[in-house]
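>>> mind looking at a prediction? Sequence and model below.
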Amino acid sequence: MAKPRVIYWFRTDLRLHDSPALKAALDLKPECLYPIWTWDPHYVYRARVGPNRWQYLLDCQNDLSKSITKINPKSKLFLLREAPQTLFPKLFKAWKITHLVFEKDTDAYARQRDEEVMKIAKSAGVEVVMKVGRTLYDPDELIKHNHGKPTMSISQVQAAGKKTGAIPRPIPAPTKLPDPGNTDLPFSQEKPPQDPDINATQRDGKEASYSALTGPNNDFAVPTMRELGLQPATTPHCGGETLALQTLASILANESYTATFEKPKTAPTAFSPQSTTLLSPHLHFGSLSVREFYWGAQDIVSNFKGKASQPPTSLTGQLLFRDMYFGAQAALSFPFGQTFNNPTCRFIPWHLPSTIDPATQLVTGSYQIDNAQAEEWFQRWKYGRTGFPWIDALMRQLRTEGWIHHLGRHAVACFLTRGGCYIDWERGAEVFEEWLIDHEAACNIGNWQWLSCTAFFAQFYRVYSPVAFPQKWDKEGAFVKRYVPELERYEGKYVFEPWRAGVGDQRRWGCRVEGDGSEGVDGEGGLKRYPKPMFDFPTRRDICLKGMKNAYHVGLYGNDPKVLDGTWRTLFDDAAEGPTTGGNGPPGAMVEHEDASGGEDHDVPAPPSPKKAKKVARESEKKATGQGKAKIGHKREASQGTLDGIVTRGKKPKKEKNEEVFPNETHYG
């Protein structure tokens, strides 16, 4: 009997250590093993990816390829520049493949892609082997043991995890790898269409990564940033399994830090070094095994003589949060990433709503400008020109380095949504998708829903102050001065409130507070320029709180028929915050008339009929309840609103506006 000829398809697992899927491939005792990566145009053109995350990916791929070659000089990571859906039918035949092996991926697009590839393999007579390795638990098993419902709390993950079974111990990296077979490719490349290229704004050159199937030198090499036409990366953070394992070893060597780590007590203002592990991008690309991290930390906690931290605040607790979001996304698929038709996401009539495709019930990737002022605020928030130094420092760090501390993410997300701008959380999630090096769809979406209080967390009256909150951690403003150098000479409280400094002090400190930031930082007379605050924060906080309170009182979720057919407006006063005017309208929060240069959008899709809206609502409700039949508008479980005991249920404050300084210490996400 002929030995297997195996393709190992690397995707979310750019490592050799603790790879259940790679072990399964090697257990087949193959005649030849082809370690490949398919250059998927979905990620090149359709997913938001900035230069920093691209560079991190290339780092990981190059490091992995070197590690493979170190074990077997005849092998490497063979990068093939074609979509997997069109490449595999030809590749299976050309290389006489008998088995395709890969790590399971439950991201919405990835699951759809893999289902298509598995059908292709079946028709070609190729056996598919798929193993779990991206998460601690198989997300589908978590859903199964959570009564068929998305995991919306840590307690649900822990309960379902116990039924799923113990988290396996990591396995060692292989010491031997079979040779690849003949790598001739007697077929032509099918080049993908570039348009629409959502990443065109990131490029300063021509995108040419599909110039040839095996690369410009016909050597299956990892593409370069130049081939992608991308601007140079600015992040100081580097990827790769080698560095990931070194970093983990360094962290675990500090047993006290590892055992007593509590995420909410780490400083969001720390830099050089940061106060947390910064292993999240390695987990995203799979250059570090999540099980390697989990068991490394857990073993230290188990043997620690002092008082060790526990989930959810501990290092292992952070990994459980990650699994929670993966379980929620796996259950809901594409609707998890939006409010519209999402049965677990509260409907809030935010400004700048997403455009909905009525045929698919999914967002299109674009949004509408219902309010020109909100659009200006959004752009100023995105590029760090709000006039609030703490917010601007964080957004500039994110844009240049691709990473910010989790409490920093909380602060900027709260500011954009329920704590200042009242702008759709989906806009913020898109910016994070573009700029984060550790972006994982499930975690990014889940965290934005948490911080906007549309899912997972409900204490919307707890708002981060852009002035008082950072002063708790950094009274001298070193973090702000690092990322907003215009203010480096400002002193004391004026670092966080520069608009309160007198004109004389502003001149003495070399920076005038004026304008909206669009003029640049260089002012007249050799002075720097920093923008005025784009609004009065206490006033905007109160407006947002009123809007949230009203939306919670109305009590709609994304799959309510009134949201689907646009009649939700009858439940809101015309003067309420957001696009609430009128009684009927387009699906979701879309508007018929946009507020930008007086233009009108005449192509807004018509809402579905009431009958169709109810049918769509029932179908999405089934995913949330895990039942064949479900009531529309069902109440959330207590755990979905407050993550069970993780968030303290306190008495309702006498004055909600007094809660602006800090969320309570048990607010995680």
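In hand now; what should we look at? Numbering: from 1, shown residues only.
>>> show me the residue at the heart of the protein, geometrically.
Asn444 (2.6 Å; Cα atoms, centre = their mean).
>>> ok, Tyr56 - contacts?
Ala233, Thr235, His237, Cys238, Gly239, Pro281, Phe285, Gly402, Ile437 (Cβ atoms under 8 Å, 6 or more residues apart in numbering). From N, CA and C alone the C-beta is placed, and that goes for glycine too.
>>> just those: which are in helices?
Among the contacts of Tyr56, the members found in helices (DSSP state H) are Pro281, Phe285.
>>> just the closest of the contacts of Tyr56 to Lys131, please.
Phe285 (17.6 Å; Cβ to Cβ).
>>> how distant is stretch 174-192 from the center of its chain?
32 Å (Cα atoms, centre = their mean, to the nearest Å).
>>> quick one: mean pLDDT over that stretch.
Summarised as a single mean, pLDDT over stretch 174-192 is 97.
>>> following the longest helix belonging to the chain, which helix or strand shows up next?
Longest helix in the chain, counting residues (DSSP H): helix 51-71. Downstream of helix 51-71, the first helix or strand assigned by DSSP states H and E is strand 78-80.
>>> that next one pairs with which strands?
strand 32-38 (parallel) (DSSP bridges).
>>> just want the angle from the partner strand to helix 51-71.
Computed by axes from the mean of the first three to the mean of the last three Cα atoms, to 10 degrees, the angle separating strand 32-38 from helix 51-71 equals 170 degrees.
>>> ok, back up a step: and the longest helix of the chain, what's buried?
51-65, 67-68 (16 or more other Cβ atoms under 10 Å).
>>> domain map for this protein?
In terms of domains, the chain is parsed into 333-463+538-659, 468-534 (source: automatic domain parsing).
>>> these: which one's closest to Lys119?
Nearest to Lys119, of these and by Cβ to Cβ, is domain 333-463+538-659 at 17.9 Å.
>>> distance from the chain centre to the closest one, please.
For domain 333-463+538-659, the distance to the chain centre is 15 Å (Cα atoms, centre = their mean).
>>> what's the mean pLDDT across that domain?
Here the average pLDDT along domain 333-463+538-659 is 84.
>>> ok, now stretch 50-62?
Stretch 50-62 comes out at a mean pLDDT of 98.
>>> over to stretch 305-323?
96.
>>> ok, Glu401 - contacts?
Asn52, Thr234, Thr235, Pro236, His237.
>>> now render those residues as CSV, adding distance to Leu243.
Output for the contacts of Glu401, formatted as CSV (distance: Cβ to Cβ, whole Å):
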residue, distance to Leu243
Asn52, 16
Thr234, 18
Thr235, 13
Pro236, 12
His237, 9
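>>> of those, buried ones?
Of the contacts of Glu401, these count as buried by 16+ other Cβ under 10 Å: Asn52, Thr235, His237.
>>> what's the closest of these to Glu376?
Looking across the buried ones among the contacts of Glu401 and measuring by Cβ to Cβ, the closest to Glu376 is Asn52, at 25.9 Å.
>>> relative to Leu556, how far out is the residue nearest to that closest one when sequence neighbours are not counted?
Excluding the flanking residues, the one nearest Asn52 by Cβ to Cβ, 6 or more residues apart in numbering is Gly402, at 3.6 Å. For Gly402, the distance to Leu556 (Cβ to Cβ, to the nearest Å) stands at 36 Å.
>>> Pro186 too?
Taking Cβ to Cβ, one finds Pro186 at 57 Å from Leu556.
>>> higher neighbour count, the two?
Using other Cβ atoms under 10 Å, the more surrounded residue of Pro186 and Leu556 is Leu556, with 20 against 7.
>>> run a quick neighbour tally on Gly365.
Gly365, neighbours per other Cβ under 10 Å, totals 15.
>>> return the strand or helix carrying it as PDB; C-alpha atoms alone will do.
According to DSSP H and E, Gly365 maps onto strand 362-367. C-alpha atoms of strand 362-367 as PDB (Å, rounded to 0.1, in the frame of the first residue of the first chain):
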ATOM      1  CA  LEU A 362     -25.000  41.600   6.500                       C
ATOM      2  CA  VAL A 363     -23.100  44.800   6.800                       C
ATOM      3  CA  THR A 364     -21.300  45.900   3.600                       C
ATOM      4  CA  GLY A 365     -18.200  47.400   5.100                       C
ATOM      5  CA  SER A 366     -19.300  51.000   4.500                       C
ATOM      6  CA  TYR A 367     -21.300  53.300   6.700                       C
END
